[in-house]
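Asker: What would the 3D arrangement of this be:
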Amino acid sequence: MFNGLLERIAEAIRIFLCDVVFGMLIDLFDAANAQITAVGNTVGQSPQQYNNAIFTLMENISNNVILPIAALIITGILCYELITMVTEKNNMADMILCKRCYSHHIKIAVKSVYGKTKRQALKGA
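Answerer: Numbers count the residues shown, from 1 in each chain. The predicted structure follows:
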């Protein structure tokens, strides 16, 4: 008699506790989903939508400070490279740039070897 009564009481307590635990878990998952949705909405915003004042400040700093400094640095580097290129020892004097220059170099080479121009060397040979 007491065994059946104790089993029914234990079963009622077990069912009650299971319902309470399941209810708490459902509430926990609902709260977690709500937080995840809120975080997703916040992360999905552009920087301008999230905090317009900070975004405007950073944009102004970038446009008014960083870009001019970068332009000065790049200009300095390019001027240095140009000056270095112009003042090199070779100064592009040994490069053959066109057909006329090429024939001029040949004429000078033949003249230095034979002591006369190529046409004069061919006539004399």
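Asker: Downstream of the longest helix seen in the chain, the next helix or strand is which one?
Answerer: With DSSP state H setting the assignment, residue counts place helix 2-43 as the longest helix in the chain. Next in sequence after helix 2-43, counting helices and strands by DSSP states H and E, comes helix 47-50.
Asker: and that following helix, which residues are buried?
Answerer: Judged by neighbour count (16 or more other C-beta atoms under 10 Å), helix 47-50 contains no buried residues. For every residue, glycine as well, the C-beta is placed using N, CA and C.
Asker: Extract the C-alpha set from that helix and format it as CSV.
Answerer: Extracted in CSV, the C-alpha atoms of helix 47-50 (Å, rounded to 0.1, in the frame of the first residue of the first chain):
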residue,chain,number,x,y,z
PRO,A,47,30.3,51.9,-39.1
GLN,A,48,28.3,55.1,-40.0
GLN,A,49,25.1,53.5,-38.7
TYR,A,50,26.7,52.1,-35.6
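Asker: what does it contact?
Answerer: Under the contact criterion C-beta atoms under 8 Å, 6 or more residues apart in numbering, helix 47-50 has outside partners 42, 54, 55, 56.
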